[in-house]
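K.L.:
next come a sequence and a model predicted from it.
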Amino acid sequence: MSNDPVGSALHSVGRIARALEKLAEQHVPHNDKMAKELRQAKAIGQLTLLVGSQKLRAFWESTEKVADAPAGEPTHEPVLPTESLTPPWPDYDALSGTEILSVLEGSDDSLRQAVLVYERATRGRRSILDALGDA
């Protein structure tokens, strides 16, 4: 893992996330609203880490290609894979656009942003993108 700084960083973040989950399980009384908010926060965090790590890994790989490329040879921007994106919440992909928009009513900006990023990268449903202001 020492040759892959992105993977090493993600491993460390994963360990921290698991420790926080255990801490919450042990010390936070069961509350449906809080449990929902924690699930949303976890989904947003996973999406953020995934997108950020993909961008960082692509940047890292592109800098290695530039360093290895012969002088004068053009380099190309890496294409980020989107098939492994994590949905904003567990049953997201099973919901219709209308159902997703009803879940987003009154939600915080971070969840709305997570849905926007996920929709752009996957299905690109106009109803959701338009409602989130992505004209």
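P.N.:
That came through fine. Numbering: from 1, shown residues only.
K.L.:
where do the helices sit along this protein?
P.N.:
5-27, 32-68, 97-104, 109-121, 126-131 (DSSP state H).
K.L.:
quick check: Tyr118 touching Thr48?
P.N.:
No. Taking contacts as Cβ atoms under 8 Å, Tyr118 lies outside contact range of Thr48: 11.1 Å. (Glycine included, C-beta is placed from N, CA and C.)
K.L.:
okay, those two: which has more neighbours?
P.N.:
Neighbours were counted for Tyr118 and for Thr48 using other Cβ atoms under 10 Å; Tyr118 has more, 24 against 15.
K.L.:
and the closest residue to the more buried one other than its chain neighbours, how far from Leu47?
P.N.:
Take Tyr118 and drop its neighbours on the chain: the residue closest to it by Cβ to Cβ, 6 or more residues apart in numbering is Pro88, 5.5 Å away. Noted for Pro88: a distance of 6 Å to Leu47, by Cβ to Cβ, to the nearest Å.
K.L.:
next: Ser127.
P.N.:
Distance from Ser127 to Leu47, by Cβ to Cβ: 20 Å.
K.L.:
who's more crowded, these two?
P.N.:
Per other Cβ under 10 Å, whichever of Ser127 and Leu47 has more neighbours is Leu47, with 22 against 13.
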